[in-house]
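>>> Just the structure for this:
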Amino acid sequence: MSSEDLEAQEDELLALASIYNEEEFHRAESAQGGEIRINLELPQDFRIFAKGEEHIKYPVSFLPTLILNFELPSDYPSNSPPVFTLSSRWLSRVQLGTLCKRLDELWQENVGSVVLFSWIQFLKEDLFSFLSIESPLEVTNSNKGKQERKKEGAGKDNAEDTEKDSKEQPDPRAIQEVDPRSNLLLQLLDFDEMQQQKAFDSKMFCCNICFSEKMGSECTCFKDCKHVYCKECMRDYFQIQIRDGNVQCLNCPEPECSSVATPAQVKHLVGEELFARYDRLLLQSSLDLMADVMYCPRKMCETAVLVEPDTTMGICPSCQYAFCTLCKMGYHGLSPCRATAAELRGLRDEYLKASEEEKQFLEQRFGKRVIQKAVEESFSSEWLEKNSKACPRCSSNIQKVDGCNKMTCTSCKQYFCWLCLGPLSRVNPYGHFNDTSSPCFNQLFQGVDIDDDEEFWSDEED
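Numbering: from 1, shown residues only. The predicted structure is shown next:
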């Protein structure tokens, strides 16, 4: 190696180390060479799609780096070019081979001069135009595509294809770094998301809640609206909403913004335990919105049950309980649904306010006789609640027409106080009203109309 070549190589490697950071340029320790990672600047609104799925296009801001590994021979740059390989995860081997040939041409145009910086500038600035790459970009694994072509040509005379493939052997310096069994599109989308997060973390943002200036690594961004808040404020906000059961309200705090936090964002901010509650409540609320999903009426079970259309029977997959989907009681076939006293009152009000079509539906569900009975019994129950009291012993309804507050049940003959409904002694029933410690002391005739009482005694005197 001549001293001029060695000096030129050292100067070039030192220049590259000063221009590019450690992530972009790494010098080899044991040889005159290294690795250059080239980050490409994509055109505005650049999109990619998977082969055969042209209707779904994904916007990306970053694509994986292009990697140039090189070693400088002893007679570089005076006579020989750098020995190199060019690798990529998203360019095909044919495209990489075309780039390798262009790098050879650039060397031929500059024999005797250092060429690495010119190569880097070409790859960084002219790659898209040189390869005629435009948005949207079709993404496919080259090996997978080759396998598909083989399948399509099975059983045919493909001697011409074999001859053509032998003439188009890829450049050995061109390396596509992707597993043919993997999904290249997902890899590119994951890389884009990772790089966008990295760029976000390195910027400063103003939280729209506490108005503090914080690094992006201390903030979170809503995917749809791009509104940014600090993690501390959003953590408090999400924790309050989840503890209150408002799992459908984890949206952007900006007024009139409907952007919703992703489950990954929620989990990162609130932790495993609270996220488990969020996940459970979110599933339950989603099931509640589904018309064909009900819950098992048994309190000890409450498993979600998928109900078949046009049927009133549900069968719990957990406890096998068969129930009526209308009244939630045990399945009763074609018999009308049974109803409690409170439900009968509600049924009466609903029936009296219903339209003709709604009345027909209620009559079909509960039966016309049940509806009539509900109307009659609910009115009777309301009258009894207002004008009678229940015996403390047998619960029979007792109406007081007149007289003192010592009552006798017409059913079980129990003495009781009309005011406090307490049972009275059969030996001395009036002692309750004469006892100074009793809440009804001296109230035997409390509520009795005095005029009626005087008329009663005057009639007796006459």
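
>>> residues in contact with Pro77?
Residues in contact with Pro77, defined by Cβ atoms under 8 Å, 6 or more residues apart in numbering, are Asp5, Ala8, Gln9, Val111, Gly112, Ser113, Val114, Val115. Backbone N, C-alpha and C define where each C-beta goes, glycine included.

>>> Which SSE is immediately downstream of the longest helix seen in the chain?
For the chain, the helix with the greatest residue count under DSSP state H is helix 368-387. Using DSSP states H and E, the helix or strand that follows helix 368-387 towards the C-terminus is strand 389-390.

>>> who touches that next one?
Defining contact as Cβ under 8 Å, 6+ apart, one finds that strand 389-390 is touched by Ser396, Asn397, Ile398, Lys400, Trp418, Leu421.

>>> Swap in 7 Å and give it another go.
If you take Cβ atoms under 7 Å, 6 or more residues apart in numbering as the criterion, strand 389-390 is touched by Ser396, Asn397, Ile398, Trp418, Leu421.

>>> Among those residues, which pair sits farthest apart?
Farthest pair in these (Cβ to Cβ) is Ser396 and Trp418. Separation: 14.1 Å.

>>> which regions of the stretch 201-350 of the chain lie under the pLDDT threshold?
Counting by pLDDT under 70, the stretch 201-350 of the chain contains low-confidence ranges at 288-289, 339-344.

>>> quick one, strands of it?
204-206, 213-215, 219-221, 228-230, 293-295, 304-306, 313-315, 322-324 (DSSP state E, counting those that start in this stretch).

>>> Pick out whichever of Ser396 and Trp418 has more residues nearby.
Trp418 (18 against 14; other Cβ atoms under 10 Å).

>>> Could I get the contacting residues of the more buried one?
By Cβ under 7 Å, 6+ apart, the contact set of Trp418 is Lys389, Lys400, Asn405, Met407.

>>> Let's have those residues in JSON lines, adding pLDDT and distance to Cys337.
Listed next are the contacts of Trp418 as JSON lines, based on pLDDT from 0 to 100; distance: Cβ to Cβ, whole Å:
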{"residue": "Lys389", "pLDDT": "89", "distance to Cys337": "31"}
{"residue": "Lys400", "pLDDT": "85", "distance to Cys337": "37"}
{"residue": "Asn405", "pLDDT": "90", "distance to Cys337": "42"}
{"residue": "Met407", "pLDDT": "91", "distance to Cys337": "38"}
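
>>> Any of the residues you listed buried? List them.
Lys389, Asn405, Met407 (16 or more other Cβ atoms under 10 Å).

>>> which residue sits closest to the residue most central in space within the chain, ignoring its sequence neighbours?
Closest residue to the average C-alpha location of the chain: Pro263 at 4.9 Å, with Cα atoms, centre = their mean. Distance criterion Cβ to Cβ, 6 or more residues apart in numbering; nearest residue to Pro263, sequence neighbours excluded, is Asp279 at 7.4 Å.

>>> Neighbours of that neighbour, how many?
Using other Cβ under 10 Å as the criterion, Asp279 is surrounded by 15 other residues.

>>> what distance separates stretch 8-24 from the middle of the whole chain?
Distance, stretch centre to chain centre, for stretch 8-24: 48 Å (Cα atoms, centre = their mean, to the nearest Å).

>>> residues making contact with that stretch?
Against stretch 8-24 from outside (Cβ under 7 Å, 6+ apart): Phe25, Arg27, Gln32, Ile36, Arg37, Leu72, Tyr76, Pro77, Val114, Leu116.

>>> about what we covered before: dump the strands of the stretch 201-350 of the chain into CSV; add distance to Leu42 and mean neighbour count as well.
Below are the strands of the stretch 201-350 of the chain laid out as CSV (distance: least, Cβ to Cβ, whole Å; neighbours: other Cβ atoms under 10 Å):
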stretch, distance to Leu42, mean neighbour count
strand 204-206, 23, 14
strand 213-215, 25, 13
strand 219-221, 20, 21
strand 228-230, 23, 21
strand 293-295, 45, 16
strand 304-306, 46, 16
strand 313-315, 54, 17
strand 322-324, 58, 17
